[in-house]
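S.K.: task: produce atomic coordinates for the following.
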Amino acid sequence: MATYRELIGKKIKSVSSDPSSGTDGEMWYNSTTGTFKGPALSEAWSSGAALGTAREGGGGFGTQTAAVYVGGESPPVINVTEEYNGSGWSAGGNMNTTRYRVGTAGTLTAGLIFGGYAGPPVPTGVKNVTESYNGTTWTSSPYNLNTARITLGGAGTSTSALAFGGTTIPDYLNATESFDGEGWTSENNLNTARQGLAGAGASDSSALAFGGYVSSPPTVSTNSTESWDGTNWTAVNNMNTARYLLAGDGTQTSAIAAGGIDGPSTYKNSSETWDGTDWSTAPNLATARGILGGAASSSTAAVVYGGGSPLSAATEEFNSSTNLITAAAWSSKPAMSLARYGGASGGSPTAAFYATGYSGSYTATTEEFDGSSWGAGGSITDTSTQSTGGAGTLTAGLKMGGATATAYTFTEEYNGTAWTNVPGSLNTATSGQGTSGSGIQTDALYTRGRPTTDNEAYNGTIWATKSTISGTARSGNNSGTATLALYIGGEQPPGPYLGEVEEFNGTSWTTKGSLVIPQGGGSNSGPSTDAIVASGYTLTSPWGPGNVTETQKFDGTAWSTAPSVATARSSGGSSNRGTGGLSNGALVFAGNTTAVEEFTATTETANIETFATS
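M.R.: Reported below is the predicted structural model:
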């Protein structure tokens, strides 16, 4: 019998405590517990950030950390593209021919879509057009499919792709075509004519076709799987669950299938992985759905998104590894005692404050959070207001400006016990519309909303006027420091809510990307290179009108979606206004609710298990 060292190439080490990580196949003996341990395989789906636009029937391609979802029906049929970086969605370029239920191939920076349905009438709505994507812009190809079709399968790359199956409405197709970047060529047919199937594969000579349906009505789904060798399709082992309009991707020897439909209104949450020979049952999706998109480089790392029914923006990631991955998420924390909005906030997730604001009447009260519960703090000494700016920490906080029927220039400092009115008043009274603060008690920034949208900086003694924002005067919100701040979103009455974002470098403002979802009144945290804005208010369809739960994050270059909060709010408070950000967590609270939520970033830890010795 072969020894462990002969099989693995390593000996079993004796340790007094478990290491923090280990490679696949490695084992050790824990002398303290008297057990053999090592990393064990973990397979699971976890929740990811939602799409900006809920939809079904879009085209998905790429990898788990660089995925694309293009087109679809929301309704109506749309040409929108979104890109996923492994943690959130951001806006991409719009495709040229609006359609859904397309075939796809390639990567985020070298993608291909072909066929699809633009809507009635038939047959003109059934398309044969091809477009390529470079990660920014879609370009219409001069080379069309030989057979126009929808709900077809696709595989390969942008210059070595395969299209197969689908329907011309009403005919079911077994036709196969290959694409070399300079035209489509008819190939040998699938053995089973079908539509609503999925595909996987690395090129036009190595692909896999699986699932779909072969007749309607009644709709008859299939679990048939076929493998393509560049010349012929060969029937191989079937999927465990027959389904159609499913998500699928990967390679010919390492693919994944998830979701789908098996008969009228029978939406599946099951998933399977393919190893080149057999399909194996994998963990279920959290949300059963069909007509969804997906992307994967192999059966061990995949992402699915969108779909119906009902119409969904949900994203889920699949990982099969020796590490346990906990997705980023918001969790509920102890509630405040008073629901209000428009107050001053600051601090950290374990030491935060919220002062003044409006709750049917203006209040002077302060609440403090220690990470476990909220307690009463000192009351402000000046007039109770709303639309008040806040900055700093629990023990060195700052409150500035605010308004009732009158605008005020008051500035107060907080030491964690009492507020003190300081001589350094704002030079200009706030308008009461979208005022916001950031920074620390001795180095803060105050941005006035509308109509002036100018700024003042505080050095712990006096306020000095700075430049106005360069874009639209609006009621946005600050995040960051006094010399490196963001002014995020906002409203320009009587509408709309805007996605504009600008960055302040201590002297002037410059445009800094645009929100995926236009909104104002969000709760902002983090520096300008790692910021987050949660919830807020929008009037922009399809998210409005009203408060939204969407969260968006910024990496210093681009905005993308993040996991949503559970409770919608606007003009609320937040922690880590100038530091922290996604990696160090964030707290949102108030906003005319007592609900409090904390953000935790994605974590990855070794999955260490104890192994039996008999």
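S.K.: A482 and S438 touch, don't they?
M.R.: Yes: A482 is within contact range of S438, at 7.0 Å (criterion: CB atoms under 8 Å). All C-beta atoms are positioned from the backbone trio N, CA, C, and that covers glycine.
S.K.: burial check on P123, number of neighbours?
M.R.: For P123, the neighbour count with other CB atoms under 10 Å is 9.
S.K.: now do it, the pLDDT please.
M.R.: pLDDT for P123: 93.
S.K.: anything in contact with each of A482 and S438?
M.R.: Counting by CB atoms under 8 Å, 6 or more residues apart in numbering, the shared contacts of A482 and S438 are A444, L445.
S.K.: quick one, which of the two is more surrounded?
M.R.: Neighbour comparison, A482 and S438: the larger count goes to S438, with 30 against 24 (by other CB under 10 Å).
S.K.: name the residues linked to that one by a beta bridge.
M.R.: S438 has these beta-bridge partners by DSSP bridges: L445.
S.K.: for it, give me its contacts.
M.R.: By CB under 8 Å, 6+ apart, the neighbours of S438 are A391, A444, L445, N478, S479, G480, T481, A482, A485, R577, G578.
S.K.: roughly how far does the closest residue to Y408 other than its chain neighbours sit from Y358?
M.R.: Nearest in space to Y408, with sequence neighbours left out and distances taken as CB to CB, 6 or more residues apart in numbering, is G402 at 5.3 Å. As judged by CB to CB, to the nearest Å, G402 and Y358 stand 10 Å apart.
S.K.: give me the common contacts of these two.
M.R.: With CB under 8 Å, 6+ apart, G402 and Y358 have common neighbours Q386.
S.K.: more neighbours: which of those two?
M.R.: More crowded of G402 and Y358, by other CB under 10 Å: G402, with 32 against 19.
S.K.: the more buried one touches E412, doesn't it?
M.R.: No: look at G402 against E412 with CB under 8 Å: they stay out of range, at 9.9 Å.
S.K.: helices of this structure, start to end?
M.R.: 4-8 (DSSP state H).
S.K.: would you map out the domains in it?
M.R.: With domains defined by automatic domain parsing, the chain comprises 4-39, 44-327, 330-600.
S.K.: looking at the ones you listed, which is nearest to N607?
M.R.: The minimum distance between N607 and the domains of the chain falls on domain 44-327, with 4.7 Å, by CB to CB.
S.K.: start and end of that closest one, how far apart?
M.R.: 11 Å (CA to CA, to the nearest Å).
S.K.: now do it: distance to the chain's middle.
M.R.: Going by CA atoms, centre = their mean, to the nearest Å, the spacing between the C-alpha centre of domain 44-327 and its chain's C-alpha centre is 20 Å.
S.K.: now do stretch 565-580
M.R.: The answer for stretch 565-580 is 17 Å, by CA atoms, centre = their mean.
S.K.: now do stretch 588-596
M.R.: Counting by CA atoms, centre = their mean, stretch 588-596 comes out at 22 Å from the chain centroid.
S.K.: just the CA atoms of that stretch, as CSV, please.
M.R.: C-alpha atoms of stretch 588-596 as CSV (Å, rounded to 0.1, in the frame of the first residue of the first chain):
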residue,chain,number,x,y,z
VAL,A,588,-25.6,53.2,8.7
PHE,A,589,-28.4,54.4,10.9
ALA,A,590,-31.3,56.8,11.3
GLY,A,591,-32.9,58.3,8.1
ASN,A,592,-36.4,58.4,9.6
THR,A,593,-36.0,54.8,10.9
THR,A,594,-34.5,53.4,14.1
ALA,A,595,-32.9,50.5,12.1
VAL,A,596,-29.1,50.1,12.2
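S.K.: use 46 as the first number from now on
M.R.: With the count now opening at 46, the last piece we talked about shows up as stretch 633-641.
S.K.: please enumerate residues in contact with that stretch?
M.R.: 377-386, 388, 390, 397, 399, 402, 404, 414, 419, 566, 568, 570, 579-580, 592, 610-612, 614-619, 632, 642, 644.
S.K.: thought E227 was touching S177?
M.R.: No: using CB under 8 Å, E227 is not in contact with S177; the gap is 11.9 Å.
S.K.: which ones are touching E547?
M.R.: Contacts of E547 (CB under 8 Å, 6+ apart): I514, S515, G516, L531, Y532, W554, T555, T556, K557.
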